[in-house]
Structure formats: structure tokens, C-alpha cells
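> The amino acid sequence is not available; the structure is as follows:
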């Protein structure tokens with residue numbers, strides 16, 4: 001089995017997001033981070049209301065946001081023990097949910113293309129699934145540097 005990347009685009013956003021492009025970026029990030037198949041990951045492109053509801057229900061933050069990552073692997077090893085893979089050997093990374101309208105708004109605010117913004121959000125979400133975080137200033141710095149490196153080296157060529 002190869003890496004399985006599922007892309008779900010809300011019906012009213014069909015035509016706004018190129019599924020093959022999303023898969024390529026996701027594969028590039030996973031490969032750059034040393035993730036080898038078999039793995040599974042999902043990416044969902046939806047509206048701002050859905051993302052805000054999920055943010056409220058799962059994070060307790062009733063505000064809109066651009067990207068949410070629901071990981072299936074623990075971010076940090078439990079008591080120093082490595083995470084055991086499921087019996088089938090497939091690493092199930094989790095799901096990245098992106099608010100397409102929020103991405104459009106942020107692209108306009110930053111003065112760059114929607115593609116660049118989506119690439120950043122996809123990268124950000126995947127890095128979260130792989131254990132990166134930005135709760136502390138040093139974590140934020142490390143994550144931002146890695147995002148910039150990946151965007152420059154692998155994604156926007």
C-alpha cells in the first residue's frame with residue numbers, strides 16, 4: 001500500500017481547490033518529514049462556519065480559524081515509550097480541515113495568491129499531525145521556520 005491521501009472538498013467549493021495539487025503538496029511535506037508509506041491522511045476543504053463549529057466543539061474556542069488538525073498519533077511519546085503502529089502497519093496520521101473562505105481572506109490580507117495560502121495551511125496542518133506545535137515561543141519559531149523551508153524548497157517550485 002502506498003500513502004493514501006483523501007481529499008474532500010465541500011460541494012459549494014468544487015472547482016476552487018485542485019485535488020491533485022493538494023495531494024502533491026501533502027506528499028511533498030510528508031516525504032520531506034521522513035514519513036514513508038503506508039500511511040493515511042485526510043484533508044477537508046469547507047466553509048468558515050463548519051470550521052468555527054469544530055473549533056468550538058473540539059477545542060473550546062468559539063472563533064473562526066483557518067486550519068484545524070485532528071491527529072491520530074500522539075504528538076509526544078507517552079512516558080517516553082514509542083507509539084505502536086496498528087496491526088496492519090498503516091500509520092493513520094489524522095485529518096486537516098481548512099476553511100477555504102478564511103484562506104481567501106488571508107491571501108488577500110497578505111497580498112499573495114490563494115494557492116500560496118492554501119499551500120501554507122496544508123503544510124501547517126500536516127506539520128501539526130506530525131507533532132509540531134506552537135504553544136510556546138520556541139515551538140512557534142521552529143514550526144514557522146520549517147513551514148518556510150518546506151514552502152520554498154518543495155512546494156512553490
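That came through fine. Just so it is clear, the model here is predicted, and its values are computed rather than measured.

> rest of the way, CA atoms for contacts and neighbours
Will do.

> Can you tell me which residue is spatially central in the protein?
In the chain, the centroid-proximal residue (CA atoms, centre = their mean) is residue 125; its distance is 2.1 Å.

> Quick one: residues in contact with the host helix or strand of that one.
Using DSSP states H and E, residue 125 sits in helix 114-129. The list of residues contacting helix 114-129 from outside it, by CA atoms under 8 Å, 6 or more residues apart in numbering, reads 22, 25-26, 29-30, 66-73, 75, 93-98, 103-104, 106-108, 133, 143, 147, 150-151, 155-156.

> Please indicate which of these are buried?
Among these, those buried by neighbour count (16 or more other CA atoms under 10 Å) are 22, 25-26, 29-30, 66-71, 73, 93-98, 103-104, 106-107, 133, 143, 147, 150-151, 155.

> In strands, which of these fall?
67-71, 93-98 (DSSP state E).

> Tell me the one among those residues nearest to residue 43.
Ranked by distance to residue 43 (CA to CA), those are led by residue 96 at 4.7 Å.

> Would you check that the closest one makes contact with residue 54?
No. Using CA atoms under 8 Å, residue 96 makes no contact with residue 54, being 11.7 Å away.
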